[in-house]
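[1] Prediction below, plus the sequence it came from.
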Amino acid sequence: MIDTIFLDAGGTLVWPNWTRVSVELASEGIHVAAAVLVAGDPHARHSLDQAHLVAPSTGTRLGWAYVESVLGRAGVELTPGVQGVLRRLEEYQRTTNLWETVPPFVPETLVELRRLGYRLVVVSNANGTVRRAFERIGLYELVDLVIDSAEEGVEKPDPRLFEIALTRAGATAGRTMHAGDIYHVDVVGARAAGLTPVLVDEANLYEDADCHRVASIAELPRLLGRL
């Protein structure tokens, strides 16, 4: 029986503000619709979801490789102007957090999961701004605890981050599920810590995954009802 749900942040609860990215690019004369960047987002994440890329990376480095991959898929070359855009976006990420887009289904689902009695814990590879960002975008009050890897000095897939979260939440691994969007970060790490992993596969790119899959967290209440 599951009584606690760990949730990744980026790609699970929040997404980059691709409109902000589009506007920044336009300031350099590069016009790419935000919708084009949104469409390339899950494919860029999937392309970087490889054990040899994840293991030596920090969340910050992998995160910016992913942003660059999204731009590349949209035909944006890394010119000096674009590199200037990336530096401005990195500064925004450092101080504010670019991952600030929240689809309507996210707060709705968090409210429903809490109504069903689940404890909700965010476990994110991040840069120390997740808690502050969640307060700003209205998600902090909808979860019970936020674990930010930058504050703990260890990040997924290292099972120690999950173990820290279990201790802080007063939860047990066998009764905890973790949902996240990167197989080699979220599924591998959660499984190593003894949790039930769920892969958030919004574009159906992981048909052969050896774990539960959902298109979004909106499917979690139904999945939990079957476990």
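    Here it is on my side, so go on.

[2] what does stretch 47-57 rub up against?
    62, 65-66, 69, 157, 182-185, 188 (CB atoms under 8 Å, 6 or more residues apart in numbering). The way it works is simple: take the backbone N, C-alpha and C, and place the C-beta from them, glycine included.

[3] Now with 7 Å, please.
    Residues outside stretch 47-57 that contact it (CB atoms under 7 Å, 6 or more residues apart in numbering): 62, 65-66, 69, 157, 182-185.

[4] Pull the most distant pair out of these.
    Farthest apart among the contacts of stretch 47-57 by CB to CB are S69 and P157. That separation is 19.9 Å.

[5] Please say which of the two ends up with more neighbours.
    Per other CB atoms under 10 Å, whichever of S69 and P157 has more neighbours is P157, with 23 against 18.

[6] Read off the pLDDT value for that one.
    Predicted confidence (pLDDT) for P157: 94.

[7] Please name the residues that touch it.
    P157 touches 54, 184-185, 188-189, 192, counting by CB under 7 Å, 6+ apart.

[8] For these, which single residue is the most surrounded?
    For the contacts of P157, neighbours tallied by other CB under 10 Å; top is G189, 27 neighbours.

[9] quick one: it is in a strand?
    No: counting by DSSP: H, G, I helix; E, B strand; the rest coil, G189 is not found in a strand; it is helix.

[10] Check the gap between the residue of the chain most remote from its centre and R88 for me.
    Distance from the centre of the chain peaks at G29, with 30.0 Å (CA atoms, centre = their mean). Applying CB to CB, to the nearest Å, the value for G29 to R88 is 15 Å.

[11] I'd like the next helix or strand past the helix or strand of the chain with the lowest mean pLDDT.
    Of all helical and strand segments in the chain, the minimum by mean pLDDT, DSSP states H and E falls on helix 59-73, at a mean of 79. Proceeding C-terminally, helix 59-73 gives way to helix 80-95 as the next helix or strand, assigned by DSSP states H and E.

[12] and for that following helix, what are the contacting residues?
    21, 24-25, 28, 30, 64, 71, 76, 98, 127.

[13] Next, the buried residues of that helix.
    Neighbour-count burial for helix 80-95, counted by 16 or more other CB atoms under 10 Å, picks out 82, 85-86, 89-90, 92-93.

[14] Output it as CSV, restricted to C-alpha atoms.
    What follows is helix 80-95, C-alpha atoms only, in CSV (Å, rounded to 0.1, in the frame of the first residue of the first chain):
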residue,chain,number,x,y,z
PRO,A,80,27.2,34.7,-29.9
GLY,A,81,23.8,36.3,-29.7
VAL,A,82,22.1,33.1,-28.7
GLN,A,83,24.8,32.4,-26.2
GLY,A,84,24.1,35.8,-24.7
VAL,A,85,20.4,34.8,-24.4
LEU,A,86,21.4,31.6,-22.6
ARG,A,87,23.5,33.6,-20.2
ARG,A,88,20.6,35.8,-19.4
LEU,A,89,18.3,32.8,-18.9
GLU,A,90,20.9,31.1,-16.7
GLU,A,91,21.0,34.2,-14.5
TYR,A,92,17.2,34.2,-14.3
GLN,A,93,17.4,30.5,-13.4
ARG,A,94,20.0,31.2,-10.8
THR,A,95,18.0,33.9,-9.1
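
[15] Excluding chain neighbours, what is closest to V200?
    D181 (4.4 Å; CB to CB, 6 or more residues apart in numbering).

[16] can you tell me how far that neighbour sits from W64?
    In terms of CB to CB, D181 sits 17 Å off from W64.
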